[in-house]
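Engineer: Predicted model, plus sequence, below.
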Amino acid sequence: MTEPTAPQPADDDYDSPWKDVLEHAFPEFMAFYFPEAHAQIDWALGHEFKNTELRQVVRDAELGRRLADALVQVTLTSGEQRWIYIHIEVQGQRDADFAQRMFTYNYRLFDRYACPIASLAVLADDDDGWKPDHYGFEVLGCKHHIQFPVVKLSEQADQTEALDTPRNPFALVTAAHLRTRQTRHDPEARYQAKRTLVRLLYQHGWERQRILDLFAVLDWMMRLPDRLEQKLWQDIAAIEGESKMRYVTSVERLAIQRGVQQGEQRGAQKGEAAVIQRLLTKRFGTLNAETLTRLQTAPCEQLESWAENLLDAATLDEVFKEN
């Protein structure tokens with residue numbers, strides 16, 4: 001009997017790991033998906049994310065939960081400064097409103113900043129026949145139209161050799177997406193593919209934060225049944241031992257899991273709280289009395305929620321945020 005894979009996250013939450021790796025590797029994102037645009041940007045002059053401004057525009061537009069991912073200011077090689085609007089669509093199904101949303105965000109941003117906006121899109125859905133790249137209307141001789149570049153991840157499948165030896169982090173992200181689709185009903189094959197991609201993370205001399213960001217994307221996409229997740233965590237510990245690069249994500253996962261097991265033997269709440277306390281101290285330094293009291297008095301369900309937050313949290317406040 002085939003073991004079912006874990007359910008995929010909801011579409012509106014699926015883009016979260018993409019945001020982190022996009023911000024830490026934006027030039028590589030542009031080089032991999034939009035090389036012609038990449039060549040027109042003067043990267044030596046830097047780039048700046050304007051996501052706070054973008055959120056305000058999106059909120060003003062009143063377009064619901066679906067948000068544009070990034071607004072980036074760059075300088076072109078011609079010396080002109082431009083706002084570049086990046087929209088990463090990582091949903092699993094066709095969206096009839098996608099092109100209109102791109103159109104709306106584009107003119108809202110233009111209205112706010114009075115400069116041209118480059119709208120770019122990456123589509124990760126499963127409908128190979130769906131690739132919207134324009135929207136507009138014509139009425140009484142007035143024409144309003146947008147044509148935007150689109151990359152369809154499913155169309156990258158013929159580049160398997162390049163994806164299997166990724167020098168660009170987004171080659172690995174794309175490979176993870178494609179392997180997730182290919183192994184949808186085969187947990188063992190997904191485990192093998194995920195292990196291979198995790199091993200690749202440690203072979204390029206990437207900095208720690210990039211590896212953690214990419215691991216988060218792989219882990220988010222390539223969900224495994226618990227049995228295979230446990231096996232993979234053991235593999236990761238071995239890989240990190242071989243490469244002498246021990247990074248937080250895998251180590252904390254294993255420590256939390258061991259803590260839960262120990263907690264079942266010594267009292268679930270006490271054991272899990274003790275493990276989380278050690279990990280928090282390791283990550284954020286000495287804990288104050290209030291935090292210690294929260295850990296000691298919280299029910300197991302709350303501790304488990306905080307443990308999940310701990311895997312990706314950058315600050316102590318993020319660990320204790322409400323999900």
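Structural biologist: The structure has been received and is ready for your questions.
Engineer: The stretch 101-250 of the chain: strands as residue ranges?
Structural biologist: For the stretch 101-250 of the chain, the strands defined by DSSP state E, counting those that start in this stretch occupy 117-123, 134-139, 142-147, 150-152.
Engineer: Just to check, Trp43 is in contact with Pro27?
Structural biologist: Yes. With contacts counted by Cβ atoms under 8 Å, Trp43 reaches Pro27, the gap being 5.4 Å. Placement of C-beta: from N, CA and C, glycine included.
Engineer: residue ranges with poor pLDDT in the stretch 201-323 of the chain?
Structural biologist: 243-269, 271, 311-312, 323 (pLDDT under 70).
Engineer: buried residues in the helix or strand that contains Glu290?
Structural biologist: Assigned by DSSP states H and E, Glu290 belongs to helix 289-297. For helix 289-297, a neighbour-count test (16 or more other Cβ atoms under 10 Å) marks Thr291, Arg294, Leu295 as buried.
Engineer: sorry, back to before: could the strands of the stretch 101-250 of the chain go into TSV alongside mean pLDDT, mean neighbour count and distance to Gly79?
Structural biologist: What follows is those, written out as TSV (pLDDT from 0 to 100; neighbours: other Cβ atoms under 10 Å; distance: least, Cβ to Cβ, whole Å):
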stretch	mean pLDDT	mean neighbour count	distance to Gly79
strand 117-123	90	22	17
strand 134-139	95	12	29
strand 142-147	95	11	25
strand 150-152	92	19	27
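Engineer: okay, those strands in a markdown table with distance to Ala274 next?
Structural biologist: Listed next are these as a markdown table, based on distance: least, Cβ to Cβ, whole Å:
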| stretch | distance to Ala274 |
| --- | --- |
| strand 117-123 | 43 |
| strand 134-139 | 55 |
| strand 142-147 | 56 |
| strand 150-152 | 47 |
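Engineer: Can you check the pLDDT for Thr77?
Structural biologist: On pLDDT, Thr77 comes in at 89.
Engineer: can you check the one 10 residues further on too?
Structural biologist: Here, the pLDDT recorded for His87 equals 68.
Engineer: cool, and Lys194?
Structural biologist: 93.
Engineer: And for Ala162?
Structural biologist: For Ala162, pLDDT reads 62.
Engineer: With Leu54 instead?
Structural biologist: Leu54 is assigned 76 on the pLDDT scale.
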